[in-house]
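for reference, the sequence and a predicted model appear below.
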Amino acid sequence: MSSSRLAAQRSEVIAIAQRMTADRLVVGTSGNISVRSGDLVAVTPSGVDYDDLQVADIPVVNLDGDVVEGDLKPTSELPMHLTAYREHDAGAVVHTHSLNATALSLLRDEVPAVHYQLADFGGPVRVAEYATFGTPELAQSMSKALTDRTGCILRNHGTVTIADSLPKAYNRARQLEWLCELWLTAKRIGDPSLLSDEEMARCAELFSGYGQQSR
């Protein structure tokens, strides 16, 4: 990674981290994000207020988790991020502690098909079984739930979304929180109507060509 590319990646991490707080997807220093370039990953540090972050504060690690640049310790959830890169070919990872998604994880094993936007995740968004934060067990549980998907929810914990870019992974985190809020809101009133498997499959096919295609 060139020095200019490295600086750009670390700046992007700071910008998205600060958006997480503004969008109320995290509280305080909770949650973490990272972005990959080749064999290196720029990731948020552990226990630092996002508003105080400077470019030099963003650790850069290799895929084995060794710090190659920066003086601060990476997030305690680094094993989860590295697993997403190694096992799911992620380009960026966003981990939030968003309220509605975490609340849904206490009640369900997957996000119900309340809206076609779920098709962007490759199918039903699964809830990963609980494991202690920062452990290899949590990384393994996440990886299982993330199989063939672009997002999952960690039971009693938060969400993980992946994409080929950090802005796209972050948008998925916001969408996942909205989907969970939608189901919880409707459930308070009655029994929500759900889309069929056939309709979700149709929407997934449409999503594969959605938006502006790269030139």
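Looks like it came in fine.

helices or strands up against whichever helix in the chain runs longest?
Across the chain, the longest stretch assigned as helix under DSSP state H is helix 166-187. Secondary-structure packing of helix 166-187 (3 or more C-beta pairs under 8 Å, 6 or more residues apart in numbering; DSSP states H and E): helix 3-22, strand 32-37, strand 92-96, helix 99-105, strand 151-154, strand 158-163. From N, CA and C alone the C-beta is placed, and that goes for glycine too.

and the helix or strand that comes right after it, which residues are buried?
Where DSSP states H and E defines the elements, the next helix or strand beyond helix 166-187 is helix 197-207. When burial is assessed from 16 or more other C-beta atoms under 10 Å, helix 197-207 yields the following buried residues: 200, 203, 204, 207.

helix 197-207 - what's its average pLDDT?
The average pLDDT for helix 197-207 rounds to 89.

got it, and stretch 111-125?
Stretch 111-125 comes out at a mean pLDDT of 94.

what's the burial count for the residue lying closest to residue 11 once chain neighbours are set aside?
In this structure, residue 11 finds its nearest non-sequential neighbour in residue 55, 5.7 Å apart by C-beta to C-beta, 6 or more residues apart in numbering. Counted with other C-beta atoms under 10 Å, the neighbours of residue 55 add up to 15.

what sits against residue 55?
By C-beta atoms under 8 Å, 6 or more residues apart in numbering, the contact list for residue 55 reads 7, 10, 11, 14.

looking at those residues, spot the one nearest residue 34.
residue 10 (10.5 Å; C-beta to C-beta).

which ones are touching that closest one?
If you count contacts by C-beta under 8 Å, 6+ apart, residue 10 has them with 42, 55, 58, 60.

from residue 181, how far off is it?
Going from residue 10 to residue 181 by C-beta to C-beta, to the nearest Å gives 31 Å.

where's residue 83 relative to residue 161, distance?
14 Å.

in terms of neighbours, single out the busier of these two.
Comparing residue 83 with residue 161 by other C-beta under 10 Å, the one with more neighbours is residue 161, at 31 against 20.

I'd say the more buried one and residue 179 touch.
No. Using C-beta atoms under 8 Å, residue 161 is not in contact with residue 179, being 11.6 Å away.

pull out the buried positions in stretch 126-145.
Neighbour-count burial for stretch 126-145 [16+ other C-beta under 10 Å]: 126, 127, 128, 129, 131, 138, 139, 140, 141, 142, 143, 145.
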